[in-house]
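> Everything below, folded, please.
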Amino acid sequence: DWEHQREISNRLPDDAELVIGLGGGRALDASKFVALDKGVPLIQVPSIVSTGAIIHGVLAKFIGRELVGKTDEWPWVDCEYVLVDYDLVLEAPYYLNTAGLGDILCGYAGLAEWRRRARNGQGPPCDEAAMATVIEYHEAFTRRLEETLDDAAKLTNGSVHHIMTCLQERDGRALRHPGMRSGDHPFWSALELVNDRSWIHGELVALGALIIAWQCDAQPGVLIDRLDRCRVRRRPTEMGLDREQLRKGLAFAPDYMEQRDIDSILRHEPVNGAQFEALWEFLETG
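A predicted model of the protein is given here:
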């Protein structure tokens, strides 16, 4: 919340010459706010690599749990350095690091929604060549992560470096096309807003993409395969999300997306009743 971050900044000395952010995505975002507010240089020291916040300087504006404005309206902070202690990062539970890849693999939702709209005559035809480039990239970085794991299938220094590289490349590798509109990130926002709590960002947007792929009948097994190989947790109960919280989020999503003019199957074809029960069974046992 920006007002809370402003309170933090106001408690810190005005004659500071440098801000160092140490921690996960929230801590690093708070350090960006302070550096911007004080007008001083910033060095980032991520303790996990779970999100693009460790690489990207954009500072999203929140009021409470709700995002306000659009990306091009938010401030941008260029830090001097990102310093990474691999031993420190590897001390964290593995899923706090692999979640960063979930924040990239969620792009599968855009492909699923585009194909659905094109199939129903509701948008431009699919650019299969462009979509294939995204799919090939997702497969390539999944294979590369597997190559970095040690003999016990645990993350290594190479794994951490690979995840950070993927997060740095994410925006440049993403397919930008009007047909790629999707509800994976709005699903995350709606779920956290209506439940008034937070989950691990990369896991939740990946879950949103999986739900969208299932709802669009767009080979969700392909996404499951990559999430599992990247060791991204995808079952709701694994990430601390229970049945009622998910039901509540999906019930709220249509109104949330309607108010924000987000074109997604989760807005136009809500998941409820028997369909929700089938979805829950798929997510927990599929």
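
> hey, let's count contacts and neighbours off CA atoms from now on
Fine.

> Please list the outside residues in contact with stretch 135-154.
The contact list for stretch 135-154 (Cα atoms under 8 Å, 6 or more residues apart in numbering) reads 94, 105, 108, 155-156, 158-159, 162-163, 166, 173, 226, 229-230.

> For the residues you listed, pick the one with the most neighbours.
Compared across those, Leu105 has the highest neighbour count, 29 neighbours, by other Cα atoms under 10 Å.

> do you know how far it is from Ile265?
18 Å (Cα to Cα, to the nearest Å).

> same deal with Val160?
Distance from Val160 to Ile265, by Cα to Cα: 34 Å.

> Spell out the residue ranges of the helices in this structure.
For the chain, helices defined by DSSP state H occupy the ranges 2-10, 25-38, 86-91, 94-105, 108-119, 128-148, 157-173, 184-195, 201-215, 220-229, 243-259, 265-268, 273-285.

> what's the neighbour count on Thr71?
Neighbours of Thr71 (other Cα under 10 Å): 13.

> and the gap between the closest residue to Pro254 other than its chain neighbours and Val77?
Of all residues not flanking Pro254 in the chain, Arg267 sits nearest, at 4.0 Å (Cα to Cα, 6 or more residues apart in numbering). Going from Arg267 to Val77 by Cα to Cα gives 33 Å.

> and the least confident of the contacts of stretch 135-154?
Looking at these by pLDDT, the weakest one is Arg173, with 60.

> that older thread, okay, Arg267 and Val77: which has more neighbours?
Legend: neighbour count by other Cα under 10 Å for Arg267 and Val77, higher for Arg267 (21 against 18).

> so that one makes contact with Arg260?
No - Arg267 lies out of contact with Arg260 (Cα atoms under 8 Å); the separation is 10.6 Å.

> burial measure for Trp280, as a count.
Neighbour tally, Trp280, other Cα under 10 Å: 19.

> gap between it and Leu241?
Where Leu241 is concerned, Trp280 sits at a distance of 11 Å (Cα to Cα).

> likewise Gly102?
Distance from Gly102 to Leu241, by Cα to Cα: 16 Å.

> okay, these two: which has more neighbours?
Neighbour count, other Cα under 10 Å: between Gly102 and Leu241, Gly102 has more, with 27 against 14.

> you'd agree that one is up against Glu203?
Yes - counting by Cα under 8 Å, Glu203 is a contact partner of Gly102 at 5.7 Å.

> so what sits against both of those two?
Common neighbours of Gly102 and Glu203 (Cα under 8 Å, 6+ apart) are Val232.

> one step back: can you put the contacts of stretch 135-154 in CSV and add distance to Asp217?
Shown next, in CSV, are these (distance: Cα to Cα, whole Å):
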residue, distance to Asp217
Tyr94, 31
Leu105, 17
Tyr108, 12
Leu155, 33
Thr156, 36
Gly158, 35
Ser159, 32
His162, 31
Ile163, 29
Cys166, 28
Arg173, 25
Arg226, 17
Arg229, 22
Cys230, 23
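
> can you name the two of those residues that are farthest apart?
Tyr108 and Thr156 (26.4 Å; Cα to Cα).

> in stretch 3-22, what counts as buried?
Residues of stretch 3-22 classed as buried: Gln5, Ser9, Val19, Ile20, Gly21, Leu22 (neighbour count, 16 or more other Cα atoms under 10 Å).

> what pLDDT does Pro75 get?
So, for Pro75, pLDDT stands at 87.

> same thing with Gly172?
64.

> hang on, the earlier thing: and the helices of the chain: which comes nearest Gly52?
Short answer: helix 157-173, nearest of the helices of the chain by Cα to Cα, at 5.5 Å.

> Lowest-scoring secondary structure element of the protein by mean pLDDT?
strand 66-67 (a mean of 81; mean pLDDT, DSSP states H and E).

> name the helices or strands packed onto that one?
helix 184-195 (3 or more Cα pairs under 8 Å, 6 or more residues apart in numbering; DSSP states H and E).

> quick check: angle from the helix it packs on to helix 201-215?
Helix 184-195 and helix 201-215 are oriented at 110 degrees to each other (axes from the mean of the first three to the mean of the last three Cα atoms, to 10 degrees).

> Show me the contact partners of helix 184-195.
65-67, 106, 109, 198-199, 201, 204-209, 212, 245-246, 248-250, 252-253, 256-257, 262.
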